[in-house]
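Colleague: For reference, the sequence and a predicted model appear below.
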Amino acid sequence: MKAYELKEAGSVDQLQIIEIAKPVATANEVVIKSKAISINPVDIKTRMGKSLYNEFKQNYSPIIIGWDVSGVIESVGESVTQFKPGDEVFGMINFPGHGKAYAEYVSAPASQIAKKPTNISHEEAAAATLAALTAYQILRNYIKTGDDILIQAGAGGVGHFAIQIAKIMGAHVRATASAKNTVFVKGLGADEVIDYTRQPFEDVVSNLDFVLDALGGDTLKRSVQIVKESGKIVSLPSGAIIDEINELAKSRNVEAIFQMVVSNGEDMQQIADWLETGKLKAEVSQVFTFGQLRDAHTAVETGRTRGKVVVKF
């Protein structure tokens, strides 16, 4: 089968197609024939030598990155009873381990996937994996009905899922977005959309129960200052909560948190249920072919994409 190997840390040119053997399912695994995969910021960071790269360089050869997949089960291990060949499934595979999703076939623990709802495409399903799970696992832990919250980068991959999930959970949701995305973000259910290109968000909102920060840096620092005492802020970029941020948060009696998403089939099933009922929708802004995967990386690397970028087979 064809797969993309990450030869070395660096530009998209380091992602090169190789031929390797198809995976074989162990007792508790399935092998999925890929129909679509999703590209995430962590893919870009790993490719560039950050995030998970050093661990992968030390432990895996070839390095095949990627975690989000939707496809059709080709085979199942002897202990797998909940899935059978021919089932359409999706999930985030082995995160934060070696997912190996940039390939025509992917092996996955049966405990990490769910059946794909019939009312959505494989492209939409692949989009609703790492980003949707990130939003769900964080919001489930830190918000409750009636909370007043802000989602930074509301039109982004995690952001557009977080708005919808927070509304399902009964929160009052504010979100930041650029002018071109305000209508889109409002359509996701946001109660208020702040155009960050026109005014600083801290001039508009304060005394919030919770902020989900997708950007880090100055945005994170400013976000800490709009959370009320005993409130919480979760920042998605690894390494964003530096000493300065911790000290600022402590001075305001605010909890600053980094939480990494983890593969979980039960959580994936919750996402599937919401997708099936229409409570949750995945925004797929761009679709590339497998041969164009490097172009998909370039698109995500801009940091300006709406929703999710997907690669189809």
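Modeller: Happy to help now that I have it.

Colleague: What segments of the protein are helices?
Modeller: Assigned by DSSP state H, the helices in the chain fall at 41-47, 53-59, 122-127, 130-142, 157-168, 182-187, 217-224, 243-251, 265-277, 293-301.

Colleague: Dump those helices to TSV, plus mean neighbour count, mean pLDDT and distance to residue 27.
Modeller: C-beta: built from backbone N, CA, C; applies to glycine. Below are the helices of the chain laid out as TSV (neighbours: other CB atoms under 10 Å; pLDDT from 0 to 100; distance: least, CB to CB, whole Å):
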stretch	mean neighbour count	mean pLDDT	distance to residue 27
helix 41-47	22	97	29
helix 53-59	13	97	23
helix 122-127	26	98	26
helix 130-142	23	98	25
helix 157-168	26	98	33
helix 182-187	18	98	44
helix 217-224	18	96	43
helix 243-251	13	96	44
helix 265-277	18	98	16
helix 293-301	19	98	31
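
Colleague: closest to residue 28 out of these?
Modeller: helix 265-277 (11.3 Å; CB to CB).

Colleague: Ok, which of the helices of the chain comes nearest residue 33?
Modeller: Among the helices of the chain, helix 122-127 sits nearest to residue 33 (CB to CB), with 10.6 Å.

Colleague: show me the contacts for the closest residue in space to residue 189 that isn't next to it in sequence.
Modeller: Spatial nearest neighbour of residue 189, excluding adjacent residues (CB to CB, 6 or more residues apart in numbering): residue 167 at 4.1 Å. Taking CB atoms under 8 Å, 6 or more residues apart in numbering as the criterion, residue 167 is in contact with 173, 188, 189.

Colleague: right, and out of these, which lies closest to residue 18?
Modeller: Looking across the contacts of residue 167 and measuring by CB to CB, the closest to residue 18 is residue 188, at 39.1 Å.

Colleague: correct me, but the closest one touches residue 154?
Modeller: Yes - between residue 188 and residue 154 there is a contact under CB atoms under 8 Å: 7.2 Å.

Colleague: Let me see the domain layout of this protein.
Modeller: Residue ranges for the domains of the chain, per automatic domain parsing: 2-128+282-312, 131-257.

Colleague: Reformat these as JSON lines; add distance to residue 273.
Modeller: As requested, the domains of the chain are exported to JSON lines (distance: least, CB to CB, whole Å):
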{"stretch": "domain 2-128+282-312", "distance to residue 273": "8"}
{"stretch": "domain 131-257", "distance to residue 273": "11"}
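
Colleague: Read off the pLDDT value for residue 304.
Modeller: With respect to pLDDT, residue 304 scores 89.

Colleague: What separation do you get for the spatially most central residue of the chain and residue 255?
Modeller: In the chain, the centroid-proximal residue (CA atoms, centre = their mean) is residue 131; its distance is 1.9 Å. In this view, residue 131 and residue 255 are 23 Å apart by CB to CB, to the nearest Å.

Colleague: what's near enough to touch residue 137?
Modeller: Contacts were defined as CB under 8 Å, 6+ apart; by that measure residue 137 touches 259, 261, 262, 264, 267.

Colleague: redo that, cut-off 10 Å
Modeller: Neighbouring residues of residue 137 by CB atoms under 10 Å, 6 or more residues apart in numbering: 165, 259, 260, 261, 262, 264, 267.

Colleague: where does the second one fall, phi/psi-wise?
Modeller: Meaning residue 259. Residue 259 adopts backbone torsions of phi -130, psi 130, taken as degrees, to the nearest 10.

Colleague: which residues touch residue 22?
Modeller: Neighbouring residues of residue 22 by CB under 10 Å, 6+ apart: 1, 3, 31, 33, 74, 75, 103, 104, 105, 106, 107.

Colleague: swap the cut-off to 7 Å and go again
Modeller: For residue 22, the contact set (CB atoms under 7 Å, 6 or more residues apart in numbering) comprises 1, 105.

Colleague: And it, how close does it get to residue 106?
Modeller: Distance from residue 22 to residue 106, by CB to CB: 10 Å.

Colleague: coming back round to it: who wins for proximity to residue 274 among the domains of the chain?
Modeller: When the domains of the chain are compared by CB to CB, domain 131-257 sits nearest residue 274, at 6.8 Å.
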